[in-house]
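Student: my questions concern the predicted model and sequence given below.
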Amino acid sequence: MIDNNNTTKKEEKNMGNDEKILAVTKAASHISTLVEKSELQAEMALSDIASENGDEFALEVLKQMPPLQIAKIIRSRDFSCPSIISPLATPELVVEFFRKEPLLWEMENEKTFQSYDGNIILNLISMIIIGQEDDGKRAEILEAVAEDEISFEYLMQPFIGWEARAETDFLLENTEIEFGSADHLFEVILKTAPRVAQKILKNIGRYNPIWSKDDLYQKTKESIEEKEKPADSVEDDGFIPLD
């Protein structure tokens, strides 16, 4: 015997889910369009969406947007006034942001990205990491970043050149910390995710201070190209087609 009441409830639930998916898709499309006009307008619209529909809905909207557009919104803010995206971002979103953000770097000349302002990178990382309101979530984000090669290398950028510190104990209580500095960022990482802090110190010597940004950009570009490559485009240098 068919339970009509249960069937009706399931139909109503499915209809509600479909409407939510449609609303999320529509909102993501609207925010994406605004990003191309004004990043600040896009963030204001996202803030309105979060106020009207809740953070969970706003997060679903972010998940529907291309990572580079999210990066553009975050870049429109600074550490003194963080983006609304900072507390909303999940570990997965942060990893994708760190992996894609180098694609937005503007060349200072035709040959190198190395002159790109490192303070911009520091500011963006600080907004995401220090901008978290919950230590547990901050730790989850840092652990996720540390497990991904490219996003971890992005996180490393403010600390490249710290070889002298890597050879000694980094005693924060004996160091004057400037708010918003690389020292400040490291202090937060050390207190929240000690394993990640130790990994930073251990890997500092791996990166060449002269070419670190160029190397990171190249890895980012190659990872994107690899994902976009068709599944059937497997090259084999040893294969010679028959006539």
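Tutor: Cool, the structure landed. Numbering: from 1, shown residues only.
Student: could you list the low-pLDDT ranges of the chain?
Tutor: 1-16, 106-116, 163-175, 228-243 (pLDDT under 70).
Student: let me see the ranges of the helices in it.
Tutor: 4-37, 39-53, 55-63, 67-75, 85-88, 91-100, 118-129, 135-146, 149-156, 163-166, 182-192, 194-203, 212-228 (DSSP state H).
Student: ok, which of these comes nearest E176?
Tutor: E176 sits nearest to helix 182-192 of all the helices of the chain, at 8.3 Å, using C-beta to C-beta. To be clear about C-beta, it is placed using only N, CA and C from the backbone, and glycine gets the same treatment.
Student: may I see the buried residues of the closest one?
Tutor: Neighbour-count burial for helix 182-192 flags A182, D183, H184, L185, F186, E187, V188, I189, L190, T192 (criterion: 16 or more other C-beta atoms under 10 Å).
Student: out of these, who's nearest E226?
Tutor: I189 (29.2 Å).
Student: I'd say that closest one and Q132 touch.
Tutor: No - between I189 and Q132 there is no contact under C-beta atoms under 8 Å: 11.4 Å.
Student: export the helices of the chain to JSON lines and tack on distance to E176?
Tutor: Output for those, formatted as JSON lines (distance: least, C-beta to C-beta, whole Å):
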{"stretch": "helix 4-37", "distance to E176": "39"}
{"stretch": "helix 39-53", "distance to E176": "34"}
{"stretch": "helix 55-63", "distance to E176": "36"}
{"stretch": "helix 67-75", "distance to E176": "29"}
{"stretch": "helix 85-88", "distance to E176": "26"}
{"stretch": "helix 91-100", "distance to E176": "28"}
{"stretch": "helix 118-129", "distance to E176": "18"}
{"stretch": "helix 135-146", "distance to E176": "23"}
{"stretch": "helix 149-156", "distance to E176": "23"}
{"stretch": "helix 163-166", "distance to E176": "14"}
{"stretch": "helix 182-192", "distance to E176": "8"}
{"stretch": "helix 194-203", "distance to E176": "19"}
{"stretch": "helix 212-228", "distance to E176": "26"}
